[in-house]
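Trainee: Structure for the following, please:
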Amino acid sequence: MAPRTVPAEGAAEHTLAPTLIERLTSHVTAADDAPTATVSTPFTGATLATVPLSGPDDVRAAFERARRAQRAWARLPVADRVRPFLRLPDALVRRRDEILDIIQLETGKARRHALEEFLDVAMCALYYARRAPRLLRPQRRKGMLPGLTRVQELRHPKGVVALIAPWNYPFALGAGDIAPALMAGNAVIHKPDTQTCLSSLWIRDLLVSLGLPRELWQVVVGDPAEIGDPLLDGADYVSFTGSTRGGRAIAEKVAPRLVGYSLELGGKNPMIVLADADVERTARGAVRACFTNAGQLCISIERMYVHQDVYDRFVPRFVELVKGMRLGAGLDFAADMGSLTYPRQLEAVTRHVDQAVGKGATVLAGGRARPDLGPLFYEPTVLTDVTADMDLCADETFGPVVAIYKVADEDEAVARANDTAYGLNASVWTRNVAHGRRVAARIEAGTVNVNDGFGAAYASHDAPMGGFKQSGVGRRHGAEGLLKFTEAQTIASQHLMDLEPPGGVGYERFADLMSTGVTLMKRLRIR
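Mentor: Below is the predicted model of the structure:
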């Protein structure tokens, strides 16, 4: 049984108003006579918008304007800097349908997955707007000598942050990182992916209307080969979400200048189904974990390790649910899954699946493209009998494909889950949550979800999110998601006595006194 299809209402709904496109593209930093690029909708391949392209000189000019704006912005009280972001959630809610349409049309994802981006930006911005004043205010720290050394920690903005956002979640992974960078007192030069730049331009347009200084957030659009060097050369800090290969290239480029960076990179994320898992709940959760945004999600599940005691009940139910998924291109909530975004992703998915099948893998569901639905649709696919000689086994597919493996026990599941160069996200399913947490702690991944695929950890904005091993450096969310955009400064003042022997006391006597002081401070728990 093939996945069901949900018909779109017609070609007219796959367009945006020309006046909207004109307003959004006016936010690109580019010359008046700049060359242009076409944004097409993955649902049909038709042209959605034409956007101007930035050149190297445009990037350098953007840094100059942003740096001037940043100096004034950094002098403002944090309470003033967060004000546009406190207004943002209500403004987003009022204009929800408009941004959901844009996200769908430029990415091809189902509306329910566009909604996740919308919610993430609203909640993340509010989280930091509420907490930035506390996180950024001067902090008292313990001094060397109690009562005699007074220490304060200050947080200064980095300056101008270069933020390179990916195409798969352009709204969430653009605005969601830019918000804390701006609240920390920085300016941002933002390079979204050209294909999915409209949602970034939309949120910039909205924040400017809510009071954000226009020059503070500059958007440049173009090929990395053309504008990548000036973008990295001008940055005081770099934030990148994308492939591990791209992350390595950025780290090498900025290393000579000793510029800091955070990188959220690739994943080959495992899911462990323990012997006591609730089959129905796990199967339904696995559908979402594997096929959200057609699997084009860094934290999506691509490997599933199922305990032999539950394998014969879980797999048929999971396959049944996958075969019942609804594919469609409508701008409504009817479809369970949408389209891939780029032809290259369709090619990569097809290559992985075809090679695996050619080497002996078994297709339990899906396994084929659906050009009858649109140029970039591919069925949600479930495979077994995947072996180490198949690219799909260890390489990130980044599409609607999952491989299932039977395991004899928990130790085998954990060992196989950890047998990867990646370590971004993982999932554990069990009726015993306490035991699930113990298993989760054994998995080498930056986030591990118990009885969920990825959303429980990712959407908990108070907790850090990022990768182990080749899956990244640094974290988004939590205190670190804001403080990474700052420089810590320690100011210490010494009072009443200097840090040397007082008059008439020799160094041997001074050494004895200080050593006694160490013992007393330990005993009295002063340090």
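
Trainee: State the helix or strand in which the residue nearest to Thr29 when sequence neighbours are not counted lies.
Mentor: Excluding its sequence neighbours, the residue lying closest to Thr29 (Cβ to Cβ, 6 or more residues apart in numbering) is Ala62, at 4.5 Å. Just so you know, the C-beta spots here come from the backbone N, C-alpha and C atoms, and that holds for glycine as well. Assigned by DSSP states H and E, Ala62 belongs to helix 56-75.

Trainee: Buried ones in that helix, by neighbour count?
Mentor: Buried positions in helix 56-75, judged by neighbour count with 16 or more other Cβ atoms under 10 Å: 56, 58-59, 61-63, 65-67, 69-70, 73.

Trainee: Could you report the separation of the residue nearest to Thr29 from Pro84?
Mentor: Using Cβ to Cβ, to the nearest Å, Ala62 is found at 20 Å from Pro84.

Trainee: And the closest residue to Trp73 other than its chain neighbours, what's its pLDDT?
Mentor: Distance criterion Cβ to Cβ, 6+ apart; nearest residue to Trp73, sequence neighbours excluded, is Leu216 at 5.7 Å. Here the pLDDT value assigned to Leu216 is 98.

Trainee: Could I get the contacting residues of Leu216?
Mentor: Contacts for Leu216 (Cβ atoms under 8 Å, 6 or more residues apart in numbering) come out as 66, 69-70, 73, 182, 187-188.

Trainee: go on, Arg281?
Mentor: Residues near Arg281 by Cβ under 8 Å, 6+ apart: 429, 451.

Trainee: Secondary structure element for the nearest residue to Val78 once chain neighbours are set aside, which one?
Mentor: Leaving aside its chain neighbours, Val78 sits nearest to Pro133 (4.6 Å; criterion: Cβ to Cβ, 6+ apart). Following DSSP H and E, one finds Pro133 within helix 111-136.

Trainee: List the buried residues for that helix?
Mentor: Burial within helix 111-136, assessed by neighbour count using 16+ other Cβ under 10 Å, is assigned to 111-118, 120-122, 124-129, 131-132, 135-136.

Trainee: In contact with the closest residue to Gln494 other than its chain neighbours, which residues?
Mentor: Among residues not flanking Gln494 along the chain, Thr149 sits closest, at 5.6 Å (Cβ to Cβ, 6+ apart). Residues in contact with Thr149 (Cβ under 8 Å, 6+ apart) are 143, 492-495.

Trainee: isn't Ile301 right next to Pro270, touching?
Mentor: Yes. Assessed by Cβ atoms under 8 Å, Ile301 is found in contact with Pro270 at 7.2 Å.

Trainee: Show me whatever sits in contact with both of those two.
Mentor: Contact criterion Cβ under 8 Å, 6+ apart; residues shared by Ile301 and Pro270: Ser427.

Trainee: Look up how far Arg257 lies from the spatially most central residue of the chain.
Mentor: The centroid of the chain falls nearest to Leu173 when counting by Cα atoms, centre = their mean (5.0 Å). Using Cβ to Cβ, Leu173 is found at 25 Å from Arg257.

Trainee: Kindly report the same for Tyr237.
Mentor: Counting by Cβ to Cβ, the gap from Tyr237 to Arg257 is 11 Å.

Trainee: if you count what's nearby, which of those two comes out ahead?
Mentor: Using other Cβ atoms under 10 Å, the more surrounded residue of Tyr237 and Arg257 is Tyr237, with 24 against 11.

Trainee: Can you name the residues bridging to the more buried one?
Mentor: Counting by DSSP bridges, Tyr237 is bridged to Val161, Gly260.

Trainee: quick one: it and Ala162 touch, right?
Mentor: Yes. Using Cβ under 8 Å, Tyr237 is in contact with Ala162, at 7.3 Å.

Trainee: C-terminal to the worst-scoring helix or strand of the chain on mean pLDDT, which secondary structure element comes first?
Mentor: Within the chain, confidence by mean pLDDT, DSSP states H and E is lowest for strand 4-6 among all helices and strands, at a mean of 64. Sequence-wise, the next helix or strand downstream of strand 4-6 (DSSP H and E) is helix 18-25.

Trainee: Identify each buried residue in stretch 246-261, please.
Mentor: 246-247, 249-250, 253-254, 259-261.

Trainee: Stretch 454-461 too?
Mentor: Buried, per 16+ other Cβ under 10 Å, within stretch 454-461: 454-455, 457-461.

Trainee: Would you list the phi and psi of the residue nearest to Trp73?
Mentor: Dihedral angles of Leu216 (phi, psi; degrees, to the nearest 10) stand at phi -70, psi -30.

Trainee: Next: the one 5 residues further on.
Mentor: Summarising the backbone geometry of Val221 under the convention degrees, to the nearest 10, its torsions are phi -130, psi 130.

Trainee: Look up how far Asp409 lies from the nearest residue to Pro170 once chain neighbours are set aside.
Mentor: The shortest distance from Pro170 to any non-neighbouring residue, by Cβ to Cβ, 6+ apart, is to Thr196 (3.8 Å). Computed as Cβ to Cβ, the Thr196 to Asp409 distance reads 43 Å.

Trainee: So which residues of the stretch 251-400 of the chain form helices?
Mentor: Applying DSSP state H, counting those that start in this stretch to the stretch 251-400 of the chain gives helices spanning 279-291, 308-323, 343-358, 391-394.
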